[in-house]
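Dropping a prediction and its sequence here:
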Amino acid sequence: MSMLDWNGYRQQLNVRIGEIAKISPDVIKGYQALSAAGQKSDLLGAKTRELISLAVAVAIRCDGCITVHTKAAVNHGATREEIVEAIGVATALNAGAGLVYSARVLDAFEQTTAS
């Protein structure tokens, strides 16, 4: 059982993005230019870029990004194991970011109680 119909969701996104493109084509053109710029040198390769994209999608909690980049990663030969490793990095990064950011709470506490 899947939590979401990812294929259907991806199709719905394409329709909505198409609607945005009709109303504001420059926004879509700008996004496409930015996306293409990262691919020009191809130093990382498409599969690695898609695995990074999946890790970022998890970190920023973007379902649309997950469905689009999962399909692209698979199309570029990513295995289930590679995808799990990439999202494991995202999970660790999120945990680490939470821990590091928690130090700010101690700073706030110390400043609050020092007054």
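Ah, there it is. Residues are numbered from 1 along each chain as shown.

any idea how far Ala59 is from Asn75?
Taking CB to CB, to the nearest Å as the measure, Asn75 and Ala59 are separated by 22 Å. Where C-beta positions appear, they are placed from N, C-alpha and C, glycine not excepted.

Which one's more surrounded, those two?
When Asn75 and Ala59 are compared for neighbours, Ala59 comes out ahead with 16 against 11, by other CB atoms under 10 Å.

Distance from the helix or strand where that one lies to the middle of the chain?
Taking DSSP states H and E as the criterion, the element that holds Ala59 is helix 46-60. Centre-to-centre, helix 46-60 and its host chain are 6 Å apart (CA atoms, centre = their mean, to the nearest Å).

Which positions within it qualify as buried?
Counting neighbours by 16 or more other CB atoms under 10 Å, one finds that the buried residues in helix 46-60 are Lys47, Thr48, Arg49, Glu50, Leu51, Ile52, Ser53, Leu54, Ala55, Ala57, Val58, Ala59.

average pLDDT for the helix of greatest length in the chain?
Taking DSSP state H as the assignment, the helix of the chain that covers the most residues is helix 80-114. Mean pLDDT, taken over the full extent of helix 80-114, equals 95.

other SSEs contacting that helix?
In terms of contacts (3 or more CB pairs under 8 Å, 6 or more residues apart in numbering; DSSP states H and E), helix 80-114 is packed against helix 46-60, helix 63-75.

so which of those gets nearest Asn94?
Comparing those against Asn94 with CB to CB, the closest turns out to be helix 46-60 (5.8 Å).

could you give the mean pLDDT of that closest one?
The average pLDDT within helix 46-60 is 97.
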